[in-house]
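Peer 1: Need coordinates for the below:
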Amino acid sequence: MQDETKKVAETIAEYNKAFATLKPSILGPFYHYPSILITPETAVTITNGFKLWIVFTKIVADLKKQNYGKSETGPLKVKLLSDNLAVVSAVATRYTKDNQLLTSFGFTYTMRKVDERWKIIVGTIHDVDSVS
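Peer 2: Numbers count the residues shown, from 1 in each chain. You can find the predicted model right below:
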C-alpha cells in the first residue's frame, strides 16, 4: 500500500506541473469520467475530455487575467481507501508572475486507479483551515 501512496503523490505532482503550463488540453489524462469539480460557489460535472477542456479554458483565462505565474502545494496528505480509491488533501498557493500572492486554498481530490494510473474523479476546492 505504501507504494500506491507514493504513486498517488507522484500523480498529483505531475498534475500540478501540467496545470502550471496553463494548457487545458493536456489535463485530460489526469481525470476519470464522469468527474465532478466542486468549489464553494458551484459544482460542475465533467463527462468527457471536451467538457474538461471547456471548464479549464475558463479557469486558465481567469488566471491569465490575474497575471498568474506559479503555484506551490503544501505537503500532501494521502489516504488509501482501498486498492483503487484514495483521498488527497493539501493547501495550494498561487502567485503572480512578479511573485505576489494571488490566493491560497485547500483542495481535496478523490482519486481512482484506472488501468494502473491514478485519476481524479472528484476535485473539491475549500478553505485552507479544513486541511488537517
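Peer 1: Report the spatially closest residue to residue 45, excluding sequence-adjacent ones.
Peer 2: Leaving aside its sequence neighbours, residue 45 sits nearest to residue 36 (C-beta to C-beta, 6 or more residues apart in numbering; 5.3 Å). The C-beta positions use only the backbone N, C-alpha and C, and glycine is treated the same way.
Peer 1: can you pull the pLDDT of that neighbour?
Peer 2: Looking at residue 36, its pLDDT reads 98.
Peer 1: do you know how far it is from residue 97?
Peer 2: 31 Å (C-beta to C-beta, to the nearest Å).
Peer 1: Could you count how many residues lie near residue 37?
Peer 2: 20 (other C-beta atoms under 10 Å).
Peer 1: sec struct for it, please.
Peer 2: Look at residue 37: counting by DSSP: H, G, I helix; E, B strand; the rest coil, its state is strand.
Peer 1: Okay, and the beta partners of it?
Peer 2: Residue 37 has the following beta-bridge partners by DSSP bridges: residue 44, residue 123.
Peer 1: Please name every helix or strand in contact with the helix ranked longest in the chain.
Peer 2: Longest helix in the chain by number of residues, with DSSP state H as the criterion: helix 2-20. Applying 3 or more C-beta pairs under 8 Å, 6 or more residues apart in numbering; DSSP states H and E, one finds that helix 2-20 contacts strand 68-73, strand 77-80, strand 85-96, strand 101-114, strand 117-126.
Peer 1: and the angle for the third one with strand 101-114?
Peer 2: By that I understand strand 85-96. With axes from the mean of the first three to the mean of the last three C-alpha atoms, to 10 degrees applied, the angle from strand 85-96 to strand 101-114 works out at 160 degrees.
Peer 1: Identify each buried residue in strand 85-96, please.
Peer 2: The neighbour-count check on strand 85-96 (16 or more other C-beta atoms under 10 Å) flags 86, 87, 88, 89, 90, 91, 92, 94, 95 as buried.
Peer 1: What sits closest to the second one if chain neighbours are left out?
Peer 2: In this structure, residue 87 finds its nearest non-sequential neighbour in residue 79, 4.9 Å apart by C-beta to C-beta, 6+ apart.
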